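Engineer: requesting a structural model of the entry that follows:
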Amino acid sequence: MSKSIYISTSGNDNNSGLSSEIPIKTINKINSLSLLAGDKVLFKCGDIWQGVNSSLILASGNSNGYVAYSYYGSGNRPILTTTSIKNNLTDWIDDSGNIWSTSSSVDVGLIISSNNNIIGKKVWNLTDITEQGKYWYDIDNKKLRIYSVGNPATYYNKDIQLVLRNHGITGWSKNYIAIDGLHISKVGEHGISFQDVGNIVVQNCLFDYIGGADEYLDKTSKMRFGNGLEFWNSAHDTVVQNCVFNQIYDGAFTTQGNLKSVMQHQSFNNNVCNNCERPTEFWCTPDSVFSDIKVENNQLLNSGYGWGHERLDTGNARALAITSMSSTAFGFSFQHNIITNSKDSIYRISDYNWISSMVLDYNIYSNSDGMFMHINNGDDYTMDKFYLWKSNFAKDVHSIVI
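Structural biologist: Prediction:
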């Protein structure tokens, strides 16, 4: 018999959670439950689960039924966030020279206020903390250090949230999962991290202010990361629909990996991506296969105009980036999308082989700042050369530029 488990921040982990009158309180408790096909976990609308221990670990269903994660009640979507609040004067230690420190067990991808005002800028060395708001994570001593003229709690009006290095939701080697109507916000790694999965549905969710944490933690690579929703290595029979992605450090939704992988029967449709560095990205190793991938009826807006564009690696602001390292692709459809304002280019395609496998048509393009197409080791097409792109490759026959 399938069951519904209710969770609310006003609940109690000693409750069974089997009705909205006796909800469970914490995500850690949910993570400890043995969920089966057909079970539902329902988060109370208007509640916020906060902190490094608020990362949800997904359970698998099977061919008889999905495990579903959704909401109950009315009001704003339930929020899952990995932020740590540092509003008290006692949270901060004066290290002298306008350098202040606070404890943090993990790296910090972003510092932000409760109303989403971004505070300062992440740097890579203590010596780079030279002006108001610049901050650095001291991995050896597990401290965040920030330059501030006075106690940061005072300077920033007791409204400081550290976005911690963790995933909002994790589903690795899991199958038959449905996620509906959640808000994943202010997460230092990926909003949702899937790896080696199948039969996944994510719909009606909101993702914002995702990523920015140090990817390798090796003190030398200086690489930050963080996607809204990522399928890593193999994935099949997945649907991402009717979601909103806003202010994502890296890709809004992406399929990628570094092992021999098979990505097939994936649909990304009716999503809105705004102020993300790369709304869509696909890449994998040369011995991987992409098959039956549909990116259709999406709005991909203002690529490279969000906070993620402060990155050190440049040339990333593309509405669709395919850096596949010559992996094989069959049946890649990019149609009926609206794409506006992509700072570097609308497309970045790794090679001509990928172009031959793609169906691109019925799209609407508008890009006043960047170019239309960049092909690695190939030709670039500016927006005014769109007609040449159409005639040379017989793509976007019914698409228009406005």
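
Engineer: tell me which helix or strand of the protein sits lowest on mean pLDDT?
Structural biologist: helix 352-357 (a mean of 81; mean pLDDT, DSSP states H and E).

Engineer: what helices or strands is it leaning on?
Structural biologist: The helices and strands touching helix 352-357, judged by 3 or more Cβ pairs under 8 Å, 6 or more residues apart in numbering; DSSP states H and E, are strand 328-335. All C-beta spots, glycine's among them, are computed from the backbone N, C-alpha and C.

Engineer: mind listing what's buried in the strand it packs on?
Structural biologist: 328-329, 332, 334-335 (16 or more other Cβ atoms under 10 Å).

Engineer: and which of those is nearest residue 347?
Structural biologist: Nearest to residue 347, judged by Cβ to Cβ, of the buried residues of strand 328-335 is residue 334 at 8.7 Å.

Engineer: separation between the closest one and residue 297?
Structural biologist: When Cβ to Cβ, to the nearest Å is applied, the distance between residue 334 and residue 297 equals 11 Å.

Engineer: related to what we said a few turns ago, out of the buried residues of strand 328-335, which is nearest to residue 210?
Structural biologist: Using Cβ to Cβ, residue 334 is the member of these that lies nearest residue 210, at 23.0 Å.

Engineer: follow-up on the earlier one: what's the least confident helix or strand of the chain in contact with?
Structural biologist: Contact partners of helix 352-357, identified using Cβ atoms under 8 Å, 6 or more residues apart in numbering, comprise 322, 324, 326, 329-332, 349, 375, 378, 393, 395.

Engineer: I figured residue 249 hits residue 228, correct?
Structural biologist: No. Checked against Cβ atoms under 8 Å, the pair residue 249 and residue 228 is beyond contact range at 9.1 Å.

Engineer: and these two? which has more neighbours close in?
Structural biologist: The residue with more neighbours, out of residue 249 and residue 228 and counting by other Cβ atoms under 10 Å, is residue 228; that gives 33 against 29.

Engineer: pLDDT score for that one?
Structural biologist: At residue 228, the pLDDT value in this model is 98.

Engineer: now residue 232: closest residue in space that isn't a chain neighbour?
Structural biologist: Closest residue to residue 232 in three dimensions, ignoring its sequence neighbours and counting by Cβ to Cβ, 6 or more residues apart in numbering: residue 195, at 4.3 Å.

Engineer: the one you found: neighbouring residues, count only.
Structural biologist: With neighbours defined by other Cβ under 10 Å, the count for residue 195 comes to 16.

Engineer: what's the answer for residue 285, then?
Structural biologist: Residue neighbour count, defined by other Cβ under 10 Å, stands at 16 for residue 285.

Engineer: that one contacts residue 256, correct?
Structural biologist: No. Taking contacts as Cβ under 8 Å, residue 285 lies outside contact range of residue 256: 9.8 Å.

Engineer: between those two, which contacts overlap?
Structural biologist: By Cβ under 8 Å, 6+ apart, residue 285 and residue 256 have no common neighbours.

Engineer: residues contacting the spatially most central residue of the chain?
Structural biologist: Nearest residue to the geometric centre of the chain (Cα atoms, centre = their mean): residue 228, 1.3 Å. Residues touching residue 228, when contacts are defined by Cβ under 8 Å, 6+ apart, comprise 184, 190-192, 207, 210, 245, 248, 251-253, 273, 276.

Engineer: next: residue 376.
Structural biologist: With contacts defined as Cβ under 8 Å, 6+ apart, the neighbours of residue 376 are 323, 348-351.

Engineer: take these and keep only those in strands.
Structural biologist: Those of these mapping onto strands are 348-349, per DSSP state E.

Engineer: the contacts of residue 376, buried ones only, as a ChimeraX selection?
Structural biologist: One line in ChimeraX is enough to select the buried ones among the contacts of residue 376; burial here means 16+ other Cβ under 10 Å:
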select :323,348,349,350,351
